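**Student:** I'll drop the sequence and a predicted model, then ask my questions.
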Amino acid sequence: MLDPKLKTLICTAEQKSFTSAAKLLSLTQPAVSHHIRLLEEELGVKIFARNKNELILTPEGEIVLRGARRMNAICERIYSELSDKTHCLTRLRVGITHTAESNLMTEVLARYSQSVEHMTIKIITDTINNLYAMLENYELDLAITDGKPVGRELRSLLLDTDYLVCVMSNENQLASREMVTLGELKKQKMILRLPTSATRILFESQLDGIGESTADFDILLEVDSVAAIKDLIRKNLGVSILARSACMDELSKGKLTALPIENLSMVRETNLVYHDDFGHEEILKSIMKVYRETARAYTRTYM
């Protein structure tokens, strides 16, 4: 269904080489070059430029590639839905942030998948902005994110509220306290999420609101993986700012300590995000129901 020239464009952009794309597409190198040239003539733009030994997209090429990927995702979704209809199967592509990956969200999706006959869920973990982009390009059906999408053609439903805390080893000298002050935090080695993460953005915005900055803190490491950060904290190599929900298992088993930070109120939302033309309201309701049931069971067990 998708124009073969667009498939050639997507593959060439990923490989950054006509020759490599030709091998993957089972085409000759001249055929790949011809496809790209035809696209450039049709659209009146130059799609690729050469940088040393590899191809790079021009600004116009970036626009064309985004459109091609969106059309490809839509075509794949059509084939998938037709296949589901024929074989009574259901496939769902769900994006989650690294924080959601570390809390009960993956369990919720597993329980939901078990509750629906022949349900298959593919989970993609990425940054919040990349997940929004994949939703807009129809590469995802749903996403679980920290906060709401702003200025995008996306909708959201509130799953839960959460808050950020200072997480530390039980061996840390502050672990017996009821809270930690900013002054005390500045004396600690800190292991933080990347600047692009929703957790880091919320922490920095709260600091900015009271005239503070992460530049005043002793940041030892910046790590994308929440699991890796928790492992480093357990070894007392530093403290971190994480969502409390991402540490529930460790906190309930007494493996870590979490304290509020004086003068910072870092409350945030966990939302179920979807495209404005997502037409399966029953799926949204079912996932929210399973989430509430799982959260209640977790609270009764560990709290």
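**Tutor:** Cool, got the structure. Numbers count the residues shown, from 1 in each chain.
**Student:** need the contact list for the residue lying closest to I96 once chain neighbours are set aside.
**Tutor:** Excluding the flanking residues, the one nearest I96 by C-beta to C-beta, 6 or more residues apart in numbering is I144, at 4.5 Å. (Glycine included, C-beta is placed from N, CA and C.) When contacts are counted by C-beta atoms under 8 Å, 6 or more residues apart in numbering, I144 touches V94, G95, I96, T97, A100, M105, L159, T270, N271, L272, V273.
**Student:** that's a strand at I144, yeah?
**Tutor:** Yes: checked against DSSP: H, G, I helix; E, B strand; the rest coil, I144 lies within a strand.
**Student:** strands of the stretch 201-303 of the chain, residue ranges please.
**Tutor:** 218-222, 240-243, 257-259, 267-275 (DSSP state E, counting those that start in this stretch).
**Student:** now tabulate those strands in TSV and tack on mean neighbour count, mean pLDDT and distance to G209.
**Tutor:** Listed next are the strands of the stretch 201-303 of the chain as TSV, based on neighbours: other C-beta atoms under 10 Å; pLDDT from 0 to 100; distance: least, C-beta to C-beta, whole Å:
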stretch	mean neighbour count	mean pLDDT	distance to G209
strand 218-222	14	96	20
strand 240-243	26	94	15
strand 257-259	21	95	20
strand 267-275	19	90	13
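**Student:** could I get the ones you listed as a markdown table with distance to V165?
**Tutor:** Listed next are the strands of the stretch 201-303 of the chain as a markdown table, based on distance: least, C-beta to C-beta, whole Å:
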| stretch | distance to V165 |
| --- | --- |
| strand 218-222 | 18 |
| strand 240-243 | 7 |
| strand 257-259 | 4 |
| strand 267-275 | 11 |
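**Student:** show me where pLDDT drops low in this structure?
**Tutor:** The chain contains residues with pLDDT under 70 at 1, 80-81, 83-89, 298-303.
**Student:** show me which strand runs longest in it.
**Tutor:** In the chain, taking DSSP state E as the definition, the longest strand is strand 154-168.
**Student:** ok, R70 - contacts?
**Tutor:** Contacts of R70 (C-beta under 8 Å, 6+ apart): E136, N137, Y138.
**Student:** in helices only, show me those.
**Tutor:** Of these, the ones assigned to helices by DSSP state H are E136.
**Student:** now, which of the contacts of R70 sits nearest G44?
**Tutor:** N137 (23.4 Å; C-beta to C-beta).
**Student:** just give me the neighbour total for the closest one.
**Tutor:** For N137, the neighbour count with other C-beta atoms under 10 Å is 18.
**Student:** kindly report the same for E281.
**Tutor:** Neighbours of E281 under the rule other C-beta under 10 Å: 9.
**Student:** stretch 99-108: end-to-end distance?
**Tutor:** 14 Å (C-alpha to C-alpha, to the nearest Å).
**Student:** what's it in contact with?
**Tutor:** With C-beta under 8 Å, 6+ apart, stretch 99-108 has contacts from 96, 123, 125, 144-146, 197-199, 226-227, 230, 242-243, 245-248, 270, 287, 290-291, 294-295, 298.
**Student:** so what touches stretch 283-303?
**Tutor:** So stretch 283-303 is in contact with 92, 104-105, 107-109, 111-112, 115-116, 142, 157, 159-160, 248-249, 252, 272, 274, 278, going by C-beta under 8 Å, 6+ apart.
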